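J.: From the sequence below, what's the structure:
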Amino acid sequence: MAYVAAMPDIRQPPRFAPTKEEIETLALEALSRLPDPFAAHLSNVVLFVEDFADEQVLKDMEIEDPFGLTGLYTGRPVGHEAQTGDTPPTVHLFRRPLLDEWVETGIALDALITHVVVHEIGHHFGLSDLDMHVLEDMVAP
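T.: Numbering: from 1, shown residues only. Reported below is the predicted structural model:
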């Protein structure tokens, strides 16, 4: 019977799932690659990274599986007149569903984050799905 001895000089560094802060950094990098006409309208958009959407959001969107939502835009899109009581527009990224999709699809994490960020920012600009894909191609890592 052969035994494989551990080689103490050859070790892989420990691997951990990316933190909220690391996801935020990737999202901010994606936003920084947006062309000027878009970037000029992002100063008031607030970015949040949370592990999951809260139960009320999932209920309102009729999503039963909390892993089914990777991102969410809320707010008044560019070009719509502000109303009294409006809160700043927000993009929420949901870390755990993003990490699951990353593992399941094998897509590079920065590309996945860019895809979700561009999709959510696309709602801020009232873009169609086709326009979002074109914009995503422009800012791909």
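J.: Would you mind measuring from residue 57 to residue 66?
T.: Using Cβ to Cβ, to the nearest Å, we find residue 57 at a distance of 10 Å from residue 66. Heads up, the C-betas are built off the backbone N, CA and C, glycines and all.
J.: Which residue ranges of this structure form strands?
T.: Remark: strands assigned in the chain by DSSP state E are 46-50, 71-74, 90-94.
J.: Take the ones you listed and lay them out in JSON lines including mean neighbour count, distance to residue 119 and mean pLDDT.
T.: JSON lines is the format used below for those (neighbours: other Cβ atoms under 10 Å; distance: least, Cβ to Cβ, whole Å; pLDDT from 0 to 100):
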{"stretch": "strand 46-50", "mean neighbour count": "16", "distance to residue 119": "14", "mean pLDDT": "96"}
{"stretch": "strand 71-74", "mean neighbour count": "18", "distance to residue 119": "7", "mean pLDDT": "94"}
{"stretch": "strand 90-94", "mean neighbour count": "21", "distance to residue 119": "10", "mean pLDDT": "96"}
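J.: Quick one: closest of these to residue 136.
T.: Among these, the nearest to residue 136 by Cβ to Cβ is strand 71-74 (12.8 Å).
J.: Who does the closest one pair with, and is each partner parallel or antiparallel?
T.: Partner strands and pairing direction for strand 71-74 (DSSP bridges) are strand 90-94 (antiparallel).
J.: Touching the strand it pairs with from outside, list them.
T.: 23-24, 27, 45-53, 66, 69-75, 113, 116-117, 120-121, 124 (Cβ atoms under 8 Å, 6 or more residues apart in numbering).
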